[in-house]
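Q: Sequence unavailable; structure follows:
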């Protein structure tokens, strides 16, 4: 994980989102151990309570399980559950704003698909 906290969101949420991103990207897989609270706190100069709060939210969402005395581990099916949840959130929260922006800018589907093709620079027209 790279350091770069922003002031707009609590750090524990940012840390949680980084772990979620690592799960979605396949960096953390089912059965993998998360770094210890103390390790993360020391490495990123965070309060251990902040790290614990982030990890607890992952436990509450059944994405991570505590194994008493040995650490926290990614649960089976966590990445699939996250993917479904993130897709739903994107469609519900982010996509409507993107559609509105596309409409306001007068962009066509063809223009967007052209720019989405590998090797096509943004700003070109179809």
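A: Yep, it's here. Model, not experiment: these values are computed from the prediction.

Q: Is the residue nearest to residue 76 when sequence neighbours are not counted in a helix, a strand, or coil?
A: Nearest non-adjacent residue to residue 76, counting by C-beta to C-beta, 6 or more residues apart in numbering: residue 30, 4.7 Å away. All C-beta atoms are positioned from the backbone trio N, CA, C, and that covers glycine. Recorded secondary structure, residue 30: coil (DSSP: H, G, I helix; E, B strand; the rest coil).

Q: what's residue 30 in contact with, if anything?
A: 74, 75, 76, 77, 78, 79 (C-beta atoms under 8 Å, 6 or more residues apart in numbering).

Q: pretty sure the fifth one contacts residue 63?
A: Yes - counting by C-beta atoms under 8 Å, residue 63 is a contact partner of residue 78 at 4.4 Å.

Q: which residues do the two both contact?
A: residue 23.

Q: What lies in contact with the host helix or strand of residue 52?
A: Residue 52 is part of helix 48-60, with elements assigned from DSSP states H and E. Helix 48-60 is touched from outside by 11-13, 15-16, 19-20, 34, 37-38, 40-41, 64-66, 72, with contacts defined as C-beta under 8 Å, 6+ apart.

Q: Contacts only, for residue 96.
A: Residue 96 neighbours (C-beta under 8 Å, 6+ apart): none.

Q: do the same with residue 75
A: 30, 62, 63, 64, 65.

Q: from those, which would you call buried?
A: Neighbour counting over the contacts of residue 75 (16 or more other C-beta atoms under 10 Å) leaves 63, 64 as the buried ones.

Q: With pLDDT and distance to residue 99 as extra columns, can I get the contacts of residue 75 in CSV?
A: Output for these, formatted as CSV (pLDDT from 0 to 100; distance: C-beta to C-beta, whole Å):
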residue, pLDDT, distance to residue 99
30, 95, 34
62, 94, 32
63, 96, 30
64, 97, 34
65, 96, 38
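
Q: what two of the contacts of residue 75 have the greatest distance between them?
A: Greatest spatial distance among the contacts of residue 75 (C-beta to C-beta): 30 and 62, at 12.1 Å.
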